[in-house]
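K.L.:
have a look at this prediction, sequence included:
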Amino acid sequence: MKRKFIINPHSGGVTKNYIQDLENYFRDKIKEFNYVLTKSREDTILSTRQALREGVEQVVAVGGDGTINAVVNGFFEKGKLLRPESSLVISKAGTGSDYYKCIDPQKKVDWREIVTQHQVYPVDIGLIKYQESSYESQYFINISSMGITSEVAKKRNEMTWLPSFLQYLLPACLSVLSYKAQKVSLTFDHGEMEEEAFAIFVGKGTYSGKGMRWGGEVTLSDGLLDLTILREAKAHDIPRMFYKLYFGRGMKGDKLATKLTTSHVQIKTTSPLLLEMDGELYGATDLEISVVPKSIFVCFPCQ
């Protein structure tokens with residue numbers, strides 16, 4: 001099989017020693033380690049496209065959820081898959097690695113084993129189209145969000161010196177105490193609504209922010225998106241909310257959240273809200289998000 005490792009050396013945990021260990025592992029196991037070190041999100045997208053043009057059958061994305069997002073966008077060019085038959089291996093190499101939790105929910109395997117021993121299934125992804133023409137359409141595979149999450153992402157980027165388990169939790173706590181809800185209008189499959197929203201989450205995966213459960217009401221390939229509208233939390237709501245996100249069933253049934261499933265959602269706001277997708281900041285509302293069913297082949301552990 002012709003494969004290529006797309007490695008983000010700036011991702012949390014992907015050190016020189018980590019890359020060397022990867023090379024030693026795969027040269028011992030499969031006698032080769034064809035890889036590229038990327039310099040930026042755009043470079044990751046372009047490197048993925050180049051690999052697919054060269055006939056690569058399996059792309060291995062080594063990095064966090066942002067790296068996975070860039071690689072997924074590299075599978076496409078001008079709205080079309082470059083090589084539909086190629087598959088994607090998702091590593092557990094970043095600070096969060098939240099989508100990987102959907103790949104191996106029981107934590108049974110070393111992700112490196114999936115490269116050579118796997119079952120391949122098609123999964124859905126999300127497509128984001130912006131009303132503002134200066135933004136290009138983007139794809140996401142895990143969760144896209146807006147509102148307080150953009151503030152969390154910005155704070156997290158300023159706090160990389162923290163231990164990894166605090167790099168999401170502390171920025172989230174600080175943002176909850178200062179962020180104000182914004183008026184949003186949403187149109188989805190079976191209706192529309194207006195809400196003072198603290199945050200909006202649109203997901204195919206289940207987790208974001210290093211294990212916070214925002215999704216879980218859809219599967220990876222059912223043609224639906226999991227939509228969560230979070231209302232403003234007060235100080236006394238914070239302990240319960242974080243407990244449910246990290247240790248419970250998420251926000252389903254909570255008074256602070258409205259949850260539904262849909263194949264698309266159009267989001268309009270009175271003031272632009274930055275968009276976060278798979279941990280990366282890109283673009284702002286107004287926008288429409290729709291599902292692209294079973295569009296990319298992903299490698300899963302053997303049963």
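P.N.:
Yes, it's here.
K.L.:
for the nearest residue to residue 26 once chain neighbours are set aside, give me its contacts.
P.N.:
Among residues not flanking residue 26 along the chain, residue 33 sits closest, at 4.5 Å (CB to CB, 6 or more residues apart in numbering). Any C-beta I mention is one placed from the backbone N, CA and C, and that applies to glycine too. Listed by CB atoms under 8 Å, 6 or more residues apart in numbering, the contact set of residue 33 reads 5, 22-23, 26-27.
K.L.:
PyMOL command to pick out the buried ones of the residues you listed?
P.N.:
Entered in PyMOL, the line below selects the buried ones among these, by 16 or more other CB atoms under 10 Å:
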select buried, resi 5+22+26
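K.L.:
going by distance to residue 283, which of the contacts of residue 33 wins?
P.N.:
Checking these against residue 283 with CB to CB, the nearest one is residue 5 at 28.6 Å.
K.L.:
pretty sure that closest one belongs to a strand, no?
P.N.:
Yes. Using DSSP: H, G, I helix; E, B strand; the rest coil, the assignment for residue 5 is a strand.
K.L.:
tell me the SS of residue 239?
P.N.:
Assigned state for residue 239: helix (three-state reduction, three-state DSSP).
K.L.:
what is the burial count for it?
P.N.:
9 (other CB atoms under 10 Å).
K.L.:
how far away is it from residue 277?
P.N.:
Going from residue 239 to residue 277 by CB to CB, to the nearest Å gives 28 Å.
K.L.:
ok, the residue nearest to residue 81 when sequence neighbours are not counted - contacts?
P.N.:
Once flanking residues are discounted, residue 81 sits nearest to residue 75: 5.9 Å by CB to CB, 6+ apart. By CB under 8 Å, 6+ apart, the residues touching residue 75 are 48, 52, 59, 81-83, 86, 88, 139, 296.
K.L.:
give me the phi and psi for residue 281.
P.N.:
When read as degrees, to the nearest 10, the backbone of residue 281 gives phi -90, psi 130.
K.L.:
on the pLDDT front, check it for me.
P.N.:
pLDDT for residue 281: 83.
K.L.:
that one is in contact with residue 273, isn't it?
P.N.:
No. If you go by CB atoms under 8 Å, residue 281 and residue 273 don't touch, sitting 11.1 Å apart.
K.L.:
settle it for me: which of these two has more neighbours?
P.N.:
residue 273 (24 against 15).
K.L.:
can you pull the contacts of the more buried one?
P.N.:
Residue 273 neighbours (CB under 8 Å, 6+ apart): 146-147, 150, 182, 184, 284-285.
K.L.:
since that was my last question, I'll sign off now.
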